[in-house]
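S.K.: Sequence and predicted structure, then a few things I'm wondering about:
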Amino acid sequence: MSEQQPIARLRGVSKHYGATRALSDVSLDIMPGTIVGVLGPNGSGKTTLMGHLPGLLLPTSGTVETFGQPAAKLDDAALGRIGYVSQEPRLMDWLSVGETVAFVRSGRPRWDEALCARLLADFELDPGKRVSALSPGLRQRLAIILAVAPRPELLLLDEPAASLDPVARNDFLRLLMELIQDGGRTILISSHILADVEKVVDTVLVINGGQVHCHQPLDDLRESYHRVDLEAVGADLPDPLPLPGLLTVTGDRRRAMAVCGHVPRRDVEDAARALGIEAKVRGLAFEEIYRLIATADGRKV
Amino acid sequence: MSALALDRAFLLPRPGRLLPVMACGIFVPLAVLVLSLAKAPSLATALFTTLMMVAQVATALTTAHKEILAASPSFFHAGLRRGLLQAQLGWAFGEAALVAVFIALAGFGAGPAVVATAFGAALAVHALLALATLRLTWSYQLPFWILYLFFALPSLTRAGYAGKLDAVLGTPAPWLVGGVLLLWLLGRNLVRPHLHRRLCGTMVLGLDDVFKPGRIQEYRRRGEQHRHSGQGPRVRRRAIGALLGRADVAQQAGRTVAVRMWQVLTLAAAVNISTRRRVLVLIAVGMVFFMAYLGYYDGRKDTQGMVHWFAGLAYQAALYPIYGLAVVLLSAPAGGISRRNAFRAELATLGLLALASLGISVLITVGFHGMAAVLPPVTWHGREFVFTAPRLHCLWLPPLLVPFAWITVALRPKPLCTTANVVLGPAFVLSHWLMNSVPYQRSVPLFVGISILLFAVAFVVRRRWWEQADLAI
C-alpha cells in the first residue's frame, strides 16, 4: 500500500514581523481527512500558522507546501479547493449579503447552491441586508457560509465561533459535524472553546510562542496524560515520587495527587503498584491536558 | 487617558494631530498673510487670515475635547466638562487678545474700534467653530472646508481698498455681543450633560484620520449600522448585478483572470456609486451646471490668459472610475485566484478603468460641444461671455492619470486606501495646467513620458508585491 501524502507540509517555517517572531522553525505534516484542533493562547501563532497554508502569508524562512505545490504559488484550481474563515472576517461592506454571496460564488467553480441557501436560512441572514449593517456574529456566520459553500477539501477555520451566540455556535458545530461526515475533508479549526474542539477534532496541535508543542491524535494524547491519586499506607509517601513522566504533585506526605505525562497508562500503574501504596490512575480532562501542554509542561510532544 | 487627569492636557490637541493642524491650519493662512502683506498691506486681508488661523485652532482643540467626551470612561469623570469649558474660554480669549494686539501693532493705523472688532470677531469665530465641531458628526472635514473661504479673499481685499468695509470694521459692538453670545452658547452646550450623553462611545475623527483608511472605513461602517440597509438606486443595483453576471459568465468559461477583474470592478461600482439617489441627482445636475458655468467663464472676451482652463476642470469627473480603484484594488478577497493571475487581473482592471474614464471624457466632450452649439453669448455687467469648450487634451488626460493612481497603490499598498484620491485631483489640475500653458509639442511628450515612467515603476513594484507580500487575512 502506498504511503498517503500530506495535504500540507511545513518544513522549518519561521515567520517574523519585524522584531516579533510569530513562528519559529515549525515542521509538521497535515494528513488528508484529519480534523485538527489548533490550540494555543492569544498571540501564540495560530492565525499565522493557518495563514501560511493557503499562501496568504509567506514564510520568512522554510517551505510550505499545500496539495503538493508551494503555497506561495498555488494555482487557481488548488486555491479553489481551500476554504478559509478568518478570526475577523474581511467582508465587503458596500455589498449586500446576497451580492456578497454572488461575488464569492463567481470565483468558485464548485459552489454548492443548495447548501448555501440552506445555511442562509439556518443562520437567519437576510440576503437584502447590507454587510456593513450586520452585527459581528452575523458577519461571522456569513464568512462561514462563504467558506463552506464551495465544498472545500481543506477548510481552515480560525476561531470561527468566537463571535457566535450559543445557539449559532451549536448550529455551527452541527454544520461542522455534517461536513466531517461527508468524508475526505481536512479541517483545521482554532478555538479557545475547548469543549467544542474536543467534540469534533481527532488531532490536536498545540502552539505557543510560535513553536509547536504538541501535534498528535487526541486519543493518543488522552492515553499519555494521567492523574494519580496516592494515599500512604503505613510509611509516608516517598519524596520525590518515583513515578514515570511526573509533571506535578500536590498534597502532603500522607495523601497526594500527581500528574504524569508522555507515558503510557500501564507504566504509571506499574510504578504505582511497585510503591506498595494505594494508588488510583485516571485519565485527565482535555482542558487539563491542554493547560499542561500550553503552560507548565513546556516540553514538545 | 492622561488627558482626564491633567487639566493642562485639555489645552492642546493630541500630538498626532499637531502636524496636520500646523500644516493646514497655520502655515497656509500664514503664507497667505505674509504674501499678501508683502504685496500690498491690507487690514481686511490681515484680519481675515488671522481669523482663519483662529478657526483652525478652534477646530483642532475642540476635536480633541470631543474625543475626550466620546471616551467612555470620561462619562464618570467629575468636573470634566467644566475643565473643558475653562480650556475653551482660555483659548478663545487668548486668541482674541493676540489678534487684537497684532491688528493694533501691524501698522495698519487701526483705531480702538477696529481693534475691538478684531477682538470680538476672534471670539465669535472661535466659539462658532467650536460649536460646529462639537455638533457636527463630520466635523473632521471642517479644516478643509474652511480653506475654501480663501476664495473670498481677493474680493475682500478689493472691498477693503475701496473702503467698503470701513463701516463694518469700525463698529465693534455687534462683533463683541455676537462673540460673547456664541461663547455663552458654547458654554451651555459643553456644561450640560445632553451633548456628553450623545457623544459618549461614538467615534470621533480628526483631520489626520483622513489619511487613515482603516479609521475612515470603520467610521463609515458605524455610521451605516443603524441606517436603512437598502442597496440604493436602481442604477447601482443594476451595475453591480451586471458586473457580477459577467464574472459568472467568465467563471463558466474558466477565465479566472476575467473573473477577478469583474469582481474588482463590481467593488469599484459599489464604492463609487452612492446608495443615495439624491447624491446621484445632485452630481448630475451639478455637473451640467458647472459645465455651463465654466464654459461661459472661460469665454470671457476681455481675458485671454486663462481661456480653456476652467472648463477643462470639469473633466475631473472622468477620474470618477479611477477614484474607487485604489480603495477596492486591495480590498477584494484574494481567495480562489493565484497571485500571478491576481496581478494579471489587476492590469486588466486598470485597462478597463482607463477605458471607462475615456468613455466619460467622450461624454463630457459631447456635452460641451452640444452646449457650445446651442448656448448663446451672454452679456453680464457689461462683459460678454461666449460659451467655450475646453481644449483637446482634456479628452485623453484622465485615462493617462491611471498610472498616477496605480503608483500610490504600489507605494502605499493598504486595503481601502484613499491616498490615490488625494493624489489624483492635484495631478489632474497640474497636468491640465501644463497642457494649457505649454505648447502641445512639448507638454504632451513630457506628460506621456511621466505617465509611462510611473506605469513602469508601478508595474515592477506591484508585481513584486504580489510575489512577495503577505495578503491580508
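M.R.: Arrived safely.

S.K.: Helix, strand, or coil at the residue sitting furthest away from the middle of chain A?
M.R.: In chain A, counting by C-alpha atoms, centre = their mean, A:Gly234 sits farthest out from the average C-alpha position, at 46.4 Å. When classified by DSSP: H, G, I helix; E, B strand; the rest coil, A:Gly234 comes out as coil.

S.K.: Check the gap between it and B:Ser443 for me.
M.R.: To B:Ser443, A:Gly234 is 105 Å away according to C-beta to C-beta, to the nearest Å. (C-beta placed from N, C-alpha, C; glycine too.)

S.K.: Okay, now the unreliable bits of the stretch 251-400 of chain B?
M.R.: B:301-307, B:326, B:332-335 (pLDDT under 70).

S.K.: ok, which residues in it are in contact with chain A?
M.R.: B:251, B:254, B:256, B:259-260, B:262-263, B:266-267, B:270-271, B:331-341 (C-beta under 8 Å from any C-beta of the partner chain).

S.K.: residue ranges for the helices of the stretch 151-300 of chain B, please.
M.R.: Secondary structure of the stretch 151-300 of chain B by DSSP state H, counting those that start in this stretch: the helices cover B:153-161, B:166-169, B:172-191, B:193-199, B:213-225, B:234-252, B:256-272, B:277-298.

S.K.: And those: which comes nearest A:Thr250?
M.R.: The closest of those to A:Thr250 is helix B:213-225. By C-beta to C-beta, the value is 48.0 Å.

S.K.: What count of nearby residues applies to B:Ala472?
M.R.: Neighbour count for B:Ala472, taken as other C-beta atoms under 10 Å in any protein chain shown: 16.

S.K.: Likewise for B:Leu89?
M.R.: Neighbour tally, B:Leu89, other C-beta under 10 Å: 17.

S.K.: which residues touch it?
M.R.: By C-beta atoms under 8 Å, 6 or more residues apart in numbering or on different chains, the residues touching B:Leu89 are B:Leu183, B:Gly187.

S.K.: Name the residues of the helix or strand hosting it that are buried.
M.R.: Using DSSP states H and E, B:Leu89 falls within helix B:80-105. By 16 or more other C-beta atoms under 10 Å in any protein chain shown, the buried positions in helix B:80-105 come out as B:80-81, B:83-89, B:91-93, B:95-96, B:98-100, B:102-104.

S.K.: And the residue of the stretch 101-250 of chain B found nearest chain A, what's its pLDDT?
M.R.: In the stretch 101-250 of chain B, the residue that lies nearest chain A is B:Ala247 (3.7 Å; C-beta to the nearest C-beta). B:Ala247 carries a pLDDT value of 93.

S.K.: and it, what does it touch?
M.R.: Neighbouring residues of B:Ala247 by C-beta under 8 Å, 6+ apart: A:Phe103, A:Ser106, A:Gly107, B:Ala258, B:Val259, B:Trp262, B:Gln263, B:Thr266.

S.K.: now swap in A:Gly45 and tell me
M.R.: Residues near A:Gly45 by C-beta under 8 Å, 6+ apart: A:Lys15, A:Ala22, A:Leu23, A:Ile207, A:Asn208, A:Gly209, A:Gly210, A:Gln211.

S.K.: Any residues of chain A in contact with chain B? List them.
M.R.: So chain A meets chain B at A:47, A:51, A:54-58, A:72-76, A:79-80, A:82, A:84, A:86, A:90, A:92-96, A:99, A:102-109, A:128-130, A:132-133, A:158 (C-beta under 8 Å from any C-beta).

S.K.: For those residues, which ChimeraX command selects only the ones that are buried?
M.R.: The following ChimeraX line selects those of the residues of chain A next to chain B that are buried, judged by 16+ other C-beta under 10 Å:
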select /A:47,51,54,55,56,57,58,72,74,76,79,80,82,84,86,90,92,93,94,95,96,99,102,103,104,105,106,107,108,109,129,130,132,133,158
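
S.K.: Show only the entries of the residues of chain A next to chain B found in strands.
M.R.: Using DSSP state E, the subset of those located in strands is A:Ile82, A:Tyr84, A:Asp158.

S.K.: Run through the bridge partners of the second one.
M.R.: By that I understand A:Tyr84. On the basis of DSSP bridges, A:Tyr84 is bridged to A:Leu156.

S.K.: burial of A:Val268, as a residue count?
M.R.: If you count neighbours by other C-beta under 10 Å, A:Val268 ends up with 24.

S.K.: List the single closest residue to A:Ile289 in space, sequence neighbours excluded.
M.R.: Leaving aside its sequence neighbours, A:Ile289 sits nearest to A:Tyr225 (C-beta to C-beta, 6 or more residues apart in numbering or on different chains; 4.7 Å).

S.K.: Can you tell me how far that neighbour is from A:Leu28?
M.R.: 20 Å.

S.K.: neighbour-wise, which of the two wins?
M.R.: Set A:Tyr225 next to A:Leu28 and count neighbours by other C-beta under 10 Å: A:Tyr225 wins out with 26 against 16.

S.K.: how near is the more buried one to chain B?
M.R.: Using C-beta to the nearest C-beta, to the nearest Å, A:Tyr225 is found at 33 Å from chain B.

S.K.: isn't that residue right next to A:Val259, touching?
M.R.: Yes: under the criterion of C-beta atoms under 8 Å, A:Tyr225 makes contact with A:Val259 at 7.2 Å.

S.K.: and for the two, which residues touch both?
M.R.: Shared contacts of A:Tyr225 and A:Val259, defined by C-beta under 8 Å, 6+ apart, are found at A:Leu284, A:Glu288, A:Leu292.

S.K.: pLDDT score for the last one?
M.R.: Same thing as A:Leu292. At A:Leu292, the pLDDT recorded in the model is 84.

S.K.: got the contact list for it?
M.R.: A:Tyr225, A:Leu247, A:Thr248, A:Val259, A:Gly261, A:Leu284.

S.K.: most surrounded residue in these?
M.R.: Neighbour counts for the contacts of A:Leu292 peak at A:Tyr225, which has 26 neighbours (criterion: other C-beta under 10 Å).

S.K.: circling back to that earlier point, give me the distance from the helix holding B:Leu89 to the chain's centre.
M.R.: Taking C-alpha atoms, centre = their mean, to the nearest Å, one finds helix B:80-105 lying 28 Å from the centre of the chain it belongs to.

S.K.: could you give the angle of that helix to helix B:172-191?
M.R.: Relative orientation of helix B:80-105 versus helix B:172-191 (axes from the mean of the first three to the mean of the last three C-alpha atoms, to 10 degrees): 160 degrees.

S.K.: Kindly state the domain boundaries assigned to chain A.
M.R.: Domain ranges of chain A: A:8-209, A:221-296, per automatic domain parsing.

S.K.: Give me whichever of those is most buried.
M.R.: Looking across those with neighbours counted as mean count of other C-beta atoms under 10 Å in any protein chain shown, the highest average goes to domain A:8-209: a mean of 19.
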